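Novice: quick check, what structure comes out for this input:
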Amino acid sequence: MAKIHPFKAVRPTRDKVSLVACRSYQSYTPIERDSRMNYNPYSFLHIVNPGYKYQKEISGEERYKLVRNRYLEFKEDEIFIQDDNPCFYVYKIVNREQESFCGIIAAASAEDYHNDIIKKHEDTLKDRESTFKEYLKTVGFNAEPVLLTYPDNDFITKVISETVKTRAEYEFTTTYRDTHYLWKIDDKKSVQEIQDAFSSISIIYIADGHHRSASSYLLSQDLKENNPEHQGNEAYNFFMSYLIPESDLKIHEFNRLVKDLNGLTKQEFLIRLDEWFRIENRGIKAYKPSKPHHFSMYLDGEFYSLYLRKTAYKFTDALEELDAQILYKTVLEPILNIKDLRSDTRIGYSHGKNDIVLVKSMVDNKEYKVGFGLFPASVEQVKKIANEGLKMPPKSTYIEPKLRSGVTIYEF
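Specialist: Below you'll find the model as predicted:
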């Protein structure tokens, strides 16, 4: 049974939350980061990029310690406050397309992650796990929730629906035109009822944040070993998560682009593809796949539809039915000689929120030779792969919602 707990969030004051909140550090270009930090002294970017103060790139342990210092300065300056009692936080995002996402920010159990009550569908890199664990250990907080999803639950849905009818603690719109709302639930009866409702759920799934989850588990083990008074309910035994029902999860595809045809001519490449796909030249009209096992391809100024030949490709498990895996097993590895999807510099990715025309433009601009469009995976596919203990290829899913950093902070 899932252990989901309330916690005392550190968070911006109501008047400054819109100034503090930021996207993940990696999502900004250097120019964008500098612009925001030049004109906004309250941005959370000042905490995670402490070298900006000295106009110097800082890394490793030195950076981690300065991140901690900047964070403490924000607390000392009362930009951040901390709630007096453990709370659950209802968080709602309405994006620029008017899609709505609503769930609960809470503390999820690191032990549940280890025991596979919180299930994974992606592999993690040990180096990244270890690096982020050391970062967390030094800074003492986490400001970016792991995105978890659970089967729709009538009681939790009712609690959320009733809560969002009241005045929000936060309501702000970003320059990206997403509107964010946060409500605080702190009365003991409601908190206990929410905990009980989550404890009735046997399995929860990671939607986004596999490395953060893995690092949080490693941290919990480190701190447990160094605490002779360990009880199991310490803050380090949990990690901040945003839990949303499966019906609210939005999954986009990641399209693939490749820089060359591995020495093949166009005609030779199409002949090799014909072994696995029914191919139709769609000309200059943009084509986007409309169902699983259909792919689009853009090559030499023309779109093609590729329909998988079911007699040629056998489905042996849930992973083999995933379109990202099918493309890898039929095209990327055997024909284009791309073995490692993480490190091969010949392959690039464009998530499905970007139009297929972006794939076309990158090929037309000679950045890549060929582009492939995929149909997005379903929530059921992701769950089935996780339930079978299998792992999806890198960049198989682009999942929404994407939260802002610095809105709620979890200390340990």
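
Novice: so where's the stretch 151-300 of the chain shaky on pLDDT?
Specialist: Counting by pLDDT under 70, not a single residue of the stretch 151-300 of the chain qualifies.

Novice: and the helices in it?
Specialist: With DSSP state H, counting those that start in this stretch as the definition, the stretch 151-300 of the chain shows helices at residue ranges 154-163, 188-199, 210-225, 266-274.

Novice: if S405 is in a bridge, with which residues?
Specialist: Partner residues in beta bridges with S405, using DSSP bridges, are C22.

Novice: what's around it, how many residues?
Specialist: S405 has 22 neighbours, counted by other Cβ atoms under 10 Å. Glycine gets a C-beta too; all of them are placed from N, C-alpha and C.

Novice: from H294, how far off is L45?
Specialist: Between L45 and H294 the distance, using Cβ to Cβ, to the nearest Å, works out to 41 Å.

Novice: and those two? which has more neighbours close in?
Specialist: The neighbour comparison of L45 against H294 (other Cβ under 10 Å) goes to L45, with 23 against 19.

Novice: show me what contacts that one?
Specialist: L45 makes contacts with 22, 25, 28, 33, 36-37, 52, as judged by Cβ atoms under 8 Å, 6 or more residues apart in numbering.

Novice: again, only this time at 6 Å
Specialist: For L45, the contacting residues are 22, 36-37, taking Cβ atoms under 6 Å, 6 or more residues apart in numbering as the criterion.

Novice: could you dump these into CSV with neighbour count added?
Specialist: As requested, these are exported to CSV (neighbours: other Cβ atoms under 10 Å):
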residue, neighbour count
C22, 25
R36, 18
M37, 17
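
Novice: what is the nearest of those to E169?
Specialist: When the contacts of L45 are compared for distance to E169 (Cβ to Cβ), C22 wins out at 18.9 Å.

Novice: can you tell me which residues contact that closest one?
Specialist: Contacts were defined as Cβ under 6 Å, 6+ apart; by that measure C22 touches 43-45, 405.

Novice: quick check, pLDDT for G51.
Specialist: Taken from the predicted model, the pLDDT recorded for G51 is 90.

Novice: what's the helix or strand for L148?
Specialist: Applying DSSP states H and E as the criterion places L148 in strand 146-150.

Novice: parallel or antiparallel, list what pairs with that strand.
Specialist: Looking at strand 146-150 with DSSP bridges, its partner strands are strand 204-208 (antiparallel), strand 238-245 (parallel).

Novice: relative to P289, how far out is the most centrally placed residue in the chain?
Specialist: Closest residue to the average C-alpha location of the chain: D208 at 3.3 Å, with Cα atoms, centre = their mean. Using Cβ to Cβ, one obtains 23 Å as the distance from D208 to P289.

Novice: now E111
Specialist: Looking at E111 against P289, where the rule is Cβ to Cβ, the gap reads 41 Å.

Novice: more neighbours: which of these two?
Specialist: More crowded of E111 and P289, by other Cβ under 10 Å: P289, with 20 against 16.

Novice: residues touching the more buried one, list them.
Specialist: For P289, the contacting residues are 295-296, 373, 375, by Cβ under 6 Å, 6+ apart.

Novice: one more pass at 10 Å, please.
Specialist: The neighbours of P289, taking Cβ atoms under 10 Å, 6 or more residues apart in numbering as the test, are 253, 295-296, 305-307, 323, 356, 372-376.

Novice: make TSV out of these and add neighbour count and distance to K65.
Specialist: As requested, the contacts of P289 are arranged in TSV below (neighbours: other Cβ atoms under 10 Å; distance: Cβ to Cβ, whole Å):
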residue	neighbour count	distance to K65
E253	23	40
F295	25	48
S296	23	49
S305	19	54
L306	24	52
Y307	15	56
D323	23	44
I356	19	45
F372	22	44
G373	25	45
L374	24	43
F375	17	46
P376	20	41
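
Novice: please, where are all the strands along the stretch 301-412 of the chain?
Specialist: With DSSP state E, counting those that start in this stretch applied, the stretch 301-412 of the chain shows strands at 302-308, 347-351, 370-373, 398-400, 410-411, listed in chain order.

Novice: what's the closest of those strands to A214?
Specialist: Go through these one by one with Cβ to Cβ and the one that ends up closest to A214 is strand 410-411, at 16.3 Å.

Novice: that older thread, nearest to P145 among the contacts of C22?
Specialist: Proximity of these to P145 (Cβ to Cβ) peaks at S405, which lies at 9.2 Å.

Novice: I'd say that closest one and F141 touch.
Specialist: No. Taking contact to mean Cβ atoms under 10 Å, the distance of 11.1 Å between S405 and F141 leaves them out of contact.

Novice: need the contact list for the closest residue to H210 other than its chain neighbours.
Specialist: In space, H210 comes closest to E122 once its chain neighbours are excluded; the distance is 4.6 Å by Cβ to Cβ, 6 or more residues apart in numbering. The contact partners of E122, taken as Cβ under 10 Å, 6+ apart, are 206, 208-211, 382, 385-386, 391-397.

Novice: kindly indicate which of those residues lies nearest I284.
Specialist: Taking the contacts of E122 together and measuring to I284 by Cβ to Cβ, the closest member is K395, at 27.3 Å.

Novice: pull out the buried positions in the longest strand seen in the chain.
Specialist: As assigned by DSSP state E, the longest strand anywhere in the chain is strand 100-109. Buried residues in strand 100-109, defined by neighbour count with 16 or more other Cβ atoms under 10 Å: 101-109.

Novice: so what's the gap between that strand and the chain middle?
Specialist: 14 Å (Cα atoms, centre = their mean, to the nearest Å).

Novice: which neighbours does it have in its sheet, and in what orientation?
Specialist: Its sheet considered, strand 100-109 pairs with strand 4-5 (antiparallel), strand 88-94 (antiparallel), strand 238-245 (antiparallel) by DSSP bridges.
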